[in-house]
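S.K.: Predicted coordinates and the sequence they were generated for:
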Amino acid sequence: MGYRIAVAGATGNVGREVLSILAERRFPADEVIALASSHSIGVEVGYGEDQTLKVRELAAFDFDGIDIVLSSPGAKVSAEHSPRAAKAGAVVIDNTSHFRMHPDVPLVVPEVNPDAVAGYRKRGIIANPNCSTIQLVTALKPLHDLSPIKRVVVATYQSTSGGGKAPMDELFNQTRGIFTNQPVQKFQENFTKQIAFNVIPHIDVFMDDGSTKEEWKIVAETRKILDPDIALTATCVRVPVFIGHAEAVNVEFDGPVSEDAARKGKDHGLRQIEIFVRGPGPGREAAMEKKRAASLCFCSLSISSVGVPCLVSDLIFWSRPERLASQTSISIFRAFTCGYRALRCSSS
Ligand SMILES: NC(=O)c1ccc[n+]([C@@H]2O[C@H](COP(=O)([O-])OP(=O)(O)OC[C@H]3O[C@@H](n4cnc5c(N)ncnc54)[C@H](OP(=O)(O)O)[C@@H]3O)[C@@H](O)[C@H]2O)c1
């Protein structure tokens with residue numbers, strides 16, 4: 001017997017990816033229910049190659065009998081409906097920011113801290129971190145196992161998809177508007193500055209200390225998932241691309257790490273995380289290695305091992321790993337990562 005699954009936020013970027021991954025991976029589901037706001041009642045969303053689901057209203061939905069809820073309708077909406085679903089007996093996997101730092105809710109990236117899942121029993125909710133955090137901690141984990149990480153400095157290059165559908169439309173409309181001599185302000189709702197042909201070091205609200213909430217999230221979530229003692233500095237920047245986040249990462253270890261050991265180490269090492277392969281896949285790692293040899297760097301539009309652009313892959317790509325300094329006591333490496341945020345957060 002399969003599960004009864006509800007996908008809240010099913011018409012959004014994340015929800016649509018969730019539906020497509022459930023179908024693609026043949027998740028054992030007896031029933032999948034698509035939920036969104038009242039505006040979307042009756043709208044059809046794709047589930048697999050040839051099925052569609054009619055959207056129902058989240059606020060009016062009774063979760064009784066539902067086994068799993070995959071929730072991404074925004075933080076405020078999740079705050080209300082995820083506990084309601086958990087109370088009805090469902091295990092809720094919540095993609096929004098609302099529950100991430102709650103002490104009774106585990107914050108989980110399956111490849112990094114799978115054991116933390118056990119803590120879900122307290123609230124019935126498992127939180128999924130911010131997309132930039134997922135990309136970062138997935139890459140840092142093997143390094144941290146190799147030698148404790150002391151400090152991380154990360155700068156992100158985040159696509160407009162990170163804000164949802166509307167910001168992606170804003171990038172499209174502004175870009176087109178500029179080419180057709182229309183005022184940018186006509187298409188400016190989601191970003192504080194023009195996003196077309198610009199980069200904006202402002203994601204989410206500003207905090208009292210001058211950082212943004214997005215930057216705070218990366219720091220706080222990485223510490224909760226990986227290690228509360230890691231010192232982190234993050235600068236989060238929105239860039240005018242539609243999908244695919246990238247990060248420039250500088251990692252300082254507590255002790256010396258030889259580049260050779262890091263690159264060649266069998267169980268731990270940079271070689272393993274240069275291209276992080278999610279899950280077993282015949283020939284995938286070898287193919288990635290071959291691809292890496294032919295290309296000095298990956299970016300969102302690179303072609304992945306499985307012959308498709310990184311944008312539609314669930315891998316996280318590491319390139320340009322480089323040792324910056326090594327003293328007897330510390331080692332510093334830097335690298336560049338990229339991944340498709342909606343797909344990564346949905347498949348986590
Ligand atoms: N964990 C991660 O890595 C990660 C990554 C990206 C996003 N997220 C989070 O996931 C959430 C969604 O992101 P997104 O990119 O998918 O946004 P999006 O494309 O804007 O989609 C928002 C979804 O929420 C639904 N919704 C909005 N208000 C609702 C309401 N009152 N009741 C029921 N449903 C409502 C929308 O339904 P309608 O179409 O009916 O309005 C739509 O399905 C955000 O909280 C975001 O922070 C998490």
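M.R.: Thanks, I have the structure now.
S.K.: looking at it, Ser159 is touching Glu247, isn't it?
M.R.: No: here Ser159 lies out of contact with Glu247, judged by C-beta atoms under 8 Å, at a distance of 11.9 Å. All C-beta spots, glycine's among them, are computed from the backbone N, C-alpha and C.
S.K.: And for Arg176, the neighbour number?
M.R.: Arg176 has 12 neighbours, counted by other C-beta atoms under 10 Å.
S.K.: Surely it is in a helix?
M.R.: Yes: applying DSSP: H, G, I helix; E, B strand; the rest coil, one finds Arg176 inside a helix.
S.K.: On the pLDDT front, check it for me.
M.R.: For Arg176, the model assigns a pLDDT of 96.
S.K.: From Lys87, how far off is it?
M.R.: As judged by C-beta to C-beta, to the nearest Å, Arg176 and Lys87 stand 46 Å apart.
S.K.: Likewise for Phe172?
M.R.: If you go by C-beta to C-beta, the gap between Phe172 and Lys87 works out to 40 Å.
S.K.: which parts of the stretch 151-300 of the chain sit against the ligand?
M.R.: Gly162, Gly164, Lys165 (C-beta under 6 Å from any ligand atom).
S.K.: Could you single out the nearest of those residues to the ligand?
M.R.: Within these, the smallest distance to the ligand is 2.6 Å, found for Gly164 (C-beta to the nearest ligand atom).
S.K.: What's the local residue count around the closest one?
M.R.: 17.
S.K.: In contact with it, which residues?
M.R.: Gly12, Asn13 (C-beta atoms under 8 Å, 6 or more residues apart in numbering).
S.K.: again, 10 Å this time
M.R.: Counting by C-beta atoms under 10 Å, 6 or more residues apart in numbering, Gly164 touches Gly9, Gly12, Asn13, Val14, Ser72, Gly74, Asn190, Ala342.
S.K.: Quick one: those as TSV, columns for pLDDT and neighbour count too.
M.R.: Formatted as TSV, these follow (pLDDT from 0 to 100; neighbours: other C-beta atoms under 10 Å):
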residue	pLDDT	neighbour count
Gly9	97	27
Gly12	94	23
Asn13	88	22
Val14	91	25
Ser72	96	27
Gly74	95	17
Asn190	95	17
Ala342	49	26
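S.K.: pretty sure Lys141 contacts Gln135?
M.R.: No: using C-beta atoms under 10 Å, Lys141 is not in contact with Gln135; the gap is 11.6 Å.
S.K.: Which of these two has more residues huddled nearby?
M.R.: Gln135 (31 against 20).
S.K.: For Gly244, see how far away that one is.
M.R.: 10 Å.
S.K.: on contacts alone, who are the packing partners of the helix or strand hosting Ala220?
M.R.: In the assignment (DSSP states H and E), Ala220 maps to helix 213-225. Where contact means 3 or more C-beta pairs under 10 Å, 6 or more residues apart in numbering; DSSP states H and E, helix 213-225 is packed against helix 131-146, strand 149-158, strand 231-238.
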